[in-house]
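Participant: here you go, sequence then predicted model.
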Amino acid sequence: MLNHMVQYSNARLDASFAALSDATRRGVLEQLGRADASITDLAEKFGMTLTGMKKHVGVLEQAGLVTSKKVGRVRTCKLGLHRLEKEAAWIERHRRLWESRFDELDDIVDELKRKEKVDGRKKSE
Amino acid sequence: MDARRASEPTPMKNPTTVERTSEREVVVTRLFDGPARLVFEAWTKPELFKQWWVPKSLGMSLLSCELDARTGGRYRLVYGHEGSTMEFHGKYIEVTPHSRLVWTNDESENGAVTTVTFEDKGGKTLLVVHDLYPSKEAFEAEHGMEEAMGETFEQLDDLLVTLGASR
């Protein structure tokens, strides 16, 4: 599972670098860092056709750097992030919580084992 | 394993694994160096349960711990943290001694159904905690998956500053 996730992240990282290799796409990210924008706004700002901007936004979305949502006829773009990154961070937090619980549970189980041994000895005496 | 080795303290902790097996499920697995009978006892007796369920490192305490660990019984936990309290409660759907516990988490409508299984492995216990949420959205709401975004935005901000400077 972990290995699988690391590989998957690497693939996403490649996609991120590919997405960032283009000046327009970097500009779009900067723009979205200031405020959310529609594809139309972005196309205008960068002097491009709608189709051209849609393609760029598509690449950024693939890399998980941007998310977009269509409301009515307007598609609004905002900075996004990898669902997987969020998930990996959550899994690690969750794992640590359970790990510290279980470390203390180890002590309880040890204690119960010891008690049982002593009780067993008493009974056989 | 021979008896001599088993009685020595274990130098390494057993690893805890967490896996998100689907959009609405999480599975936690851990091996314990004791029979299922004892591990089960530590999950169902309040005086034992309260000693480990809230780890000291969390900075919280368990103010109240009521477990009626019988099928159909209820439980109620009250946590205290910096003067405020949080309550968790639900119902045991199934209690099968030494092998299986199933309970609901009723404090929110997004609460999971938790199934804990205890599998005896020659004096050791393989413990599996399985949480099943009503939906993917419920899982995300329950675990604040959206909150993690702030930090990553900051990282992205840094990246954009770097990119801006290099142009």
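Facilitator: Received the coordinates, thanks.
Participant: secondary structure class for B:Ala69?
Facilitator: coil (DSSP: H, G, I helix; E, B strand; the rest coil).
Participant: let me see the confidence value for it.
Facilitator: Note on B:Ala69: pLDDT of 97.
Participant: number of nearby residues for it?
Facilitator: 19 (other C-beta atoms under 10 Å in any protein chain shown). C-betas here are computed from N, CA, C, even on glycine.
Participant: do the one 10 residues further on as well
Facilitator: When neighbours are counted by other C-beta under 10 Å, B:Tyr79 registers 18.
Participant: what does A:Arg121 give?
Facilitator: The burial count for A:Arg121: 9, using other C-beta under 10 Å.
Participant: can I take it that it is in a helix?
Facilitator: Yes. Checked against three-state DSSP, A:Arg121 lies within a helix.
Participant: residues contacting it?
Facilitator: By C-beta atoms under 8 Å, 6 or more residues apart in numbering or on different chains, no residues touch A:Arg121.
Participant: ok, now B:Leu127?
Facilitator: B:Thr29, B:Arg30, B:Leu31, B:Phe32, B:Val39, B:Val116, B:Thr117, B:Phe118, B:Glu119.
Participant: residues near the residue lying closest to B:Val113 once chain neighbours are set aside, how many?
Facilitator: Of all residues not flanking B:Val113 in the chain, B:Leu132 sits nearest, at 5.0 Å (C-beta to C-beta, 6 or more residues apart in numbering or on different chains). Neighbourhood size, B:Leu132 [other C-beta under 10 Å]: 16.
Participant: chain A: strands as residue ranges?
Facilitator: Along chain A, counting by DSSP state E, strands occupy A:37-38, A:66-71, A:74-79.
Participant: parallel or antiparallel, list what pairs with the second one.
Facilitator: The reference is to strand A:66-71. strand A:74-79 (antiparallel) (DSSP bridges).
Participant: identify the residues contacting the partner strand?
Facilitator: So strand A:74-79 is in contact with A:28-29, A:32-33, A:36-40, A:42, A:57, A:65-70, B:153, B:156, going by C-beta under 8 Å, 6+ apart.
Participant: where does pLDDT dip in chain B?
Facilitator: For chain B, the stretches with pLDDT under 70 are B:1-11, B:144-167.
Participant: starting at the chain centroid, how far to stretch B:70-78?
Facilitator: 16 Å (C-alpha atoms, centre = their mean, to the nearest Å).
Participant: and if you look at stretch A:36-53?
Facilitator: 27 Å.
Participant: between the two ends of it, what distance do you get?
Facilitator: 15 Å (C-alpha to C-alpha, to the nearest Å).
Participant: distance of B:Glu119 from chain A?
Facilitator: 15 Å (C-beta to the nearest C-beta, to the nearest Å).
Participant: how many neighbours does that residue have?
Facilitator: B:Glu119, neighbours per other C-beta under 10 Å, totals 15.
Participant: what strand or helix carries it?
Facilitator: Counting by DSSP states H and E, the element that carries B:Glu119 is strand B:113-121.
Participant: report the buried residues of that strand.
Facilitator: By neighbour count with 16 or more other C-beta atoms under 10 Å in any protein chain shown, strand B:113-121 contains the buried residues B:Thr114, B:Thr115, B:Val116, B:Thr117, B:Phe118.
Participant: all set now, cheers.
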